[in-house]
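Asks: Turn this into a structure:
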Amino acid sequence: MNRRNALPDAETALAALAERMQGAIAIDAALVGIYSGGAWLAQRLAEMLPGNHPLGYIDVSFYRDDYSKKGLHANVATTQLPFEVGGSRIVLIDDVLYTGRSVRAAINELFDYGRPDSIELAVLIDRGGRELPFEPTYVGARVSVAKNLSIVLNRQLDGRLELTVEAAGGA
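Replies: Here you go, the predicted model:
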């Protein structure tokens with residue numbers, strides 16, 4: 001636990017997430033990370049998990065139902081799904097699950113590329129507070145923080161992941 005903000009160590013939570021996924025996900029399941037934190041996690045999990053997991057990334061910026069309220073995120077990325085989505089088993093990966101709106105947006109976008117056989121959800125942090133009925137299949141850690149705070153995943157120059165708490169407002 002990081003005493004300053006009462007968060008678990010991100011690397012420890014990632015190891016716990018990988019352990020929960022190992023042996024449970026299909027050996028050929030595609031790992032699809034939601035930019036940006038979920039993309040970093042998908043890359044790391046692809047290295048940690050046994051099997052041949054196609055790797056993809058999804059940017060939900062234009063699919064969010066709160067786009068008109070929040071506006072466009074400053075770092076829009078390109079969705080990259082270098083495999084056939086239709087008929088695939090997909091593990092959708094996000095850094096922090098809160099309201100469920102990013103997950104809903106990601107699923108909408110995935111279906112624009114095809115109809116997967118199944119979608120599972122893996123998250124590094126589940127902070128509760130859902131506004132939509134999504135429940136993760138795999139969780140690294142569960143954390144409670146005040147509604148006016150955001151949990152943010154950062155990637156250090158050496159590639160290590162770190163969690164911080166910031167005032168809510170835009171992510």
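
Asks: can we go C-alpha only for contacts and neighbour counts from here?
Replies: OK.

Asks: what residue ranges in this structure score low on pLDDT?
Replies: 1-5, 64-76, 170-171 (pLDDT under 70).

Asks: Can you show me the strands along it?
Replies: Shown for the chain, the strands assigned by DSSP state E span residues 30-34, 55-58, 89-97, 118-126, 138-142, 149-155, 161-167.

Asks: chain center to stretch 143-152, what's the gap?
Replies: 16 Å (CA atoms, centre = their mean, to the nearest Å).

Asks: Could you give the separation between the terminal residues of that stretch?
Replies: Stretch 143-152 has an end-to-end distance of 12 Å (criterion: CA to CA, to the nearest Å).

Asks: Show me which positions of it end up buried.
Replies: Neighbour counts using 16 or more other CA atoms under 10 Å place Ser150, Ile151, Val152 of stretch 143-152 among the buried residues.

Asks: mind listing the helices for this structure?
Replies: For the chain, applying DSSP state H gives helices covering 10-21, 37-48, 67-70, 101-113.

Asks: would you turn those helices into a markdown table with distance to Gln156 and mean neighbour count?
Replies: A markdown table is the format used below for those (distance: least, CA to CA, whole Å; neighbours: other CA atoms under 10 Å):
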| stretch | distance to Gln156 | mean neighbour count |
| --- | --- | --- |
| helix 10-21 | 11 | 19 |
| helix 37-48 | 11 | 20 |
| helix 67-70 | 27 | 11 |
| helix 101-113 | 24 | 18 |
